[in-house]
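Peer 1: Next comes the sequence, and after it the predicted model I'd like to discuss.
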Amino acid sequence: MRESAPRPDANLVNELARERNREAADRTLLAWVRTSLAMISLGFAIERLGQAAVGFDGSLAGFSVLKTRVFGAALILLGIAATLAGMWEHRHVLAAIRDEHYRHADRTPIARWMGTALVCVGAVALLIILLG
């Protein structure tokens with residue numbers, strides 16, 4: 001009979017699982033930062049594009065500096081909010097992992113709320129473009 005390998009200590013297994021969860025939380029925070037940076041960059045680009053387009057001939061049909069400024073600012077604010085939400089979630093996940101009795105707990109994903117906000121900004125932009 002072959003001798004079975006000794007089982008790792010349960011504490012070691014738990015600590016390794018905590019480390020994997022911490023690293024996953026760090027990767028999630030980085031994803032929030034990348035997404036936020038994309039939203040902020042797009043908002044800035046929309047605002048600058050609007051100013052440049054109107055500046056070419058002074059009156060581009062259906063184009064308004066105010067519209068592009070509002071939508072650019074909305075995306076920038078949404079990007080800032082996404083960064084803050086990601087940082088808040090990261091802090092709470094790390095605090096939960098440090099707890100001695102750490103267990104997974106279901107909660108509403110912040111990403112769903114940020115996605116809903118982005119859909120709302122896009123829908124309002126589409127309505128104003130179609131109606132304006």
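Peer 2: Right, received. Where do you want to start?
Peer 1: Report all helices and strands that the lengthiest helix in the chain contacts.
Peer 2: Taking DSSP state H as the criterion, the chain has its longest helix at helix 10-57. Helices and strands touching helix 10-57, by 3 or more C-beta pairs under 8 Å, 6 or more residues apart in numbering; DSSP states H and E, are helix 65-98. Yep, even glycine has a C-beta here, placed from its N, CA and C like the rest.
Peer 1: sorry, back to before: tell me the angle the longest helix of the chain makes with helix 65-98.
Peer 2: Interaxial angle of helix 10-57 relative to helix 65-98 (axes from the mean of the first three to the mean of the last three C-alpha atoms, to 10 degrees): 170 degrees.
Peer 1: in the lowest-mean-pLDDT helix or strand in the chain, what's buried?
Peer 2: Within the chain, no helix or strand scores below helix 110-131, which has a mean of 84 by mean pLDDT, DSSP states H and E. Across helix 110-131, burial judged by 16 or more other C-beta atoms under 10 Å covers 110-111, 114, 117-118, 121, 125.
Peer 1: between those, which is nearest V70?
Peer 2: Among the buried residues of helix 110-131, A125 lies closest to V70 (C-beta to C-beta), at 8.8 Å.
Peer 1: pLDDT averaged over the longest helix of the chain, what's the number?
Peer 2: If you average the pLDDT over helix 10-57, you get 86.
Peer 1: Please convert the buried residues of helix 110-131 to CSV, extending it with distance to E23.
Peer 2: CSV is the format used below for the buried residues of helix 110-131 (distance: C-beta to C-beta, whole Å):
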residue, distance to E23
I110, 19
A111, 19
M114, 22
A117, 28
L118, 27
V121, 32
A125, 37
